[in-house]
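Undergrad: When you get a sec, could you give me coordinates for this:
(one chain, ligands or ions: 2)
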Amino acid sequence: MSEYFKDINHIKFEGPESENPLSFKFYNEDQVVLGKTMKEHFRFATCYWHTFTWPGLDPFGGPTLERPWMQVGDPLKMAEIKLDAAFDFFNKIKTPFFCFHDRDIAPEGNTYKETKKNLDHIVELMEKKMEETKMKLLWGTANAFSHKRYMSGASTNPDPEVFAFVATQVKNCMDITKRLGGENYVLWGGREGYETILNTNMKLEMDNLSRFLELVVDYKHKIGFKGLILLEPKPHEPTKHQYDFDAASCLALIRKAGLEKEVKLNIEVNHATLSGHNFEHEIAYAIANNALGSIDINRGDTMLGWDTDQFPNNPADLILAFYHIFSNGGLKNGGFNFDAKIRRQSIDPEDLFYAHIGAMDVCAKTLIATEKLINEGILSKHIDERYSNWYKDLGNFIHDKSTNLEKISQLVVENKINPKPKSGQQELLENILNKYL
Ligand code: XUL
Ligand code: CO
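TA: Residues are numbered from 1 along each chain as shown. Ligands and ions are numbered 1, 2, ... in the order given. Here you go, the predicted model:
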């Protein structure tokens, strides 16, 4: 047990009537909803970066979160203290999984060799902690955006030495993820894009990104890593124009590399909203293209135009995405990772617990509402009816590959087809949805 969280006990389900702020009101890991326990549906993960590594900086001010592992001292020793605290936290909050970037868990050294040595040391200790606590790794990823060598991108950098460097870093991070039994491996470009076309060869950068995906998938098979490779869309911030803008542009990249069977998507709520879509759009788009892998569950702030990465707190923001996820069989290898950070004024150890408790409760509450929505079938009935003619004569005729434009035109003329508009009934459906919230 770590000193830092010593005053906090294991968080338990106590139900909505409980006055204890350090208890779950709705998340009851053993409760069966839609045929599985909440624990099995969500496969919640705590993230190492925002929860243990982010010190509370903003563009105008320095660190506000003075964790014991953020003090001046030997960086590897600090990483060990952080590891202890992180596993104590995981164990108490009971997300069955966690996620990390290589740089979250161990410090970068002066050379690649030194960095690898630091990582190997922490991974060795982490393996023991995982054994003791039964915590599992949902995914690992490499931080290919913080160091200045990546200021002009990683695999899309104008300099092939940077490509080679990130390839080496990712190879090592994939090895570590496999060693720790990670269930997926995530690629988030960070800076895979450009600031100005004045200095950019877009075609070469996109070809190189495609080459990078090929190399990663090839290595995955070489080492026998069974998990999924997931690409995480994000429209901008840090880079102005990112090639991995949203689910659709990620799929274009994946298809360019011919890897649609190999690479799926990690959809993040706040990245969806930053791209001008909403969460349910990105989820439905991924599902429609058989590409949904995993989820980073957080939220933005409608009044701020950047990635605020807040913990989810409103079932209305989640229910339609949950409806699509859970009426399509749920997540398989994936999970719900809290890629979310507390506000920089939330400086107490308890604040980290309140944030995760609230988010797990809001997801649980939404899942219970989603179960009703799915079982009562009102939405699906409306959609089925709206599209029903596609499964009758004309729909079948259009889909038949031997049909062509001439045959369709002939049919329209002969049968005097003259479509009559029908209401989309959006307001009615919004009122129906409201009943479940
Ligand atoms: C950044 C972000 C990343 C990825 C992993 O916005 O979401 O933390 O999830 O690199
Ligand atoms: Co993310």
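Undergrad: pLDDT score for the residue most central in space within the chain?
TA: Most central residue of the chain, judged by C-alpha distance to the mean C-alpha position with CA atoms, centre = their mean, is residue 296 at 2.6 Å. At residue 296, the pLDDT value in this model is 98.
Undergrad: That one touches residue 334, doesn't it?
TA: No - applying CB atoms under 8 Å, one finds residue 296 not in contact with residue 334, separated by 10.2 Å. In this view, the C-beta of every residue, glycine as well, is placed from N, C-alpha and C.
Undergrad: Report the set of residues contacting both of those two.
TA: Residues touching both residue 296 and residue 334 (CB atoms under 8 Å, 6 or more residues apart in numbering): residue 266.
Undergrad: give me the number of residues near residue 347?
TA: Counted by other CB atoms under 10 Å, the residues lying close to residue 347 total 13.
Undergrad: any idea how far it is from residue 66?
TA: 7 Å (CB to CB, to the nearest Å).
Undergrad: So which bits of stretch 203-218 are buried?
TA: For stretch 203-218, burial by neighbour count (16 or more other CB atoms under 10 Å) applies to 205, 206, 208, 209, 210, 212, 213, 215, 216, 217.
Undergrad: Same check on stretch 48-63?
TA: 48, 49, 50, 51, 52, 53, 54, 56.
Undergrad: Looking at those residues, which are in helices?
TA: Counting by DSSP state H, the buried residues of stretch 48-63 place residue 48 in helices.
Undergrad: Just put the buried residues of stretch 48-63 in a markdown table and tack on distance to ligand 2 and pLDDT.
TA: Shown next, in a markdown table, are the buried residues of stretch 48-63 (distance: CB to the ion, whole Å; pLDDT from 0 to 100):
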| residue | distance to ligand 2 | pLDDT |
| --- | --- | --- |
| 48 | 12 | 98 |
| 49 | 9 | 98 |
| 50 | 9 | 98 |
| 51 | 13 | 98 |
| 52 | 16 | 98 |
| 53 | 14 | 98 |
| 54 | 13 | 98 |
| 56 | 19 | 98 |
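Undergrad: burial count for residue 113?
TA: In terms of burial, residue 113 registers 9 neighbours under the definition other CB under 10 Å.
Undergrad: whoops, I mixed them up, residue 289
TA: By the other CB under 10 Å criterion, the neighbourhood of residue 289 contains 17 residues.
Undergrad: neighbours around the closest residue to it other than its chain neighbours, how many?
TA: Leaving aside its chain neighbours, residue 289 sits nearest to residue 251 (5.7 Å; criterion: CB to CB, 6 or more residues apart in numbering). Here the count is done by other CB under 10 Å, and residue 251 has 20 residues near it.
Undergrad: tell me which element residue 251 falls in.
TA: Residue 251 is part of helix 247-256 when elements are defined by DSSP states H and E.
Undergrad: got the buried residues for that helix?
TA: By neighbour count with 16+ other CB under 10 Å, helix 247-256 contains the buried residues 247, 249, 250, 251, 253, 254.
Undergrad: what's the closest of those residues to residue 330?
TA: The shortest distance between residue 330 and any of the buried residues of helix 247-256, using CB to CB, involves residue 247 and amounts to 18.1 Å.
Undergrad: which of the buried residues of stretch 48-63 lies closest to residue 224?
TA: When those are ranked by distance to residue 224 (CB to CB), residue 48 comes first, at 25.2 Å.
Undergrad: Could you pull up the contacting residues of the closest one?
TA: 86, 98, 99, 100, 101, 104, 105.
Undergrad: mind redoing it with 6 Å?
TA: By CB atoms under 6 Å, 6 or more residues apart in numbering, residue 48 lies in contact with 100, 104.
Undergrad: I'd like to know how far it sits from ligand 1.
TA: Residue 48 is 10 Å from ligand 1, where distance means CB to the nearest ligand atom, to the nearest Å.
Undergrad: Same question for residue 182.
TA: Distance, residue 182 to ligand 1, by CB to the nearest ligand atom: 13 Å.
Undergrad: Check residue 159 too.
TA: 22 Å.
Undergrad: Can you read off the backbone torsions of that residue?
TA: phi -100, psi 120 (degrees, to the nearest 10).
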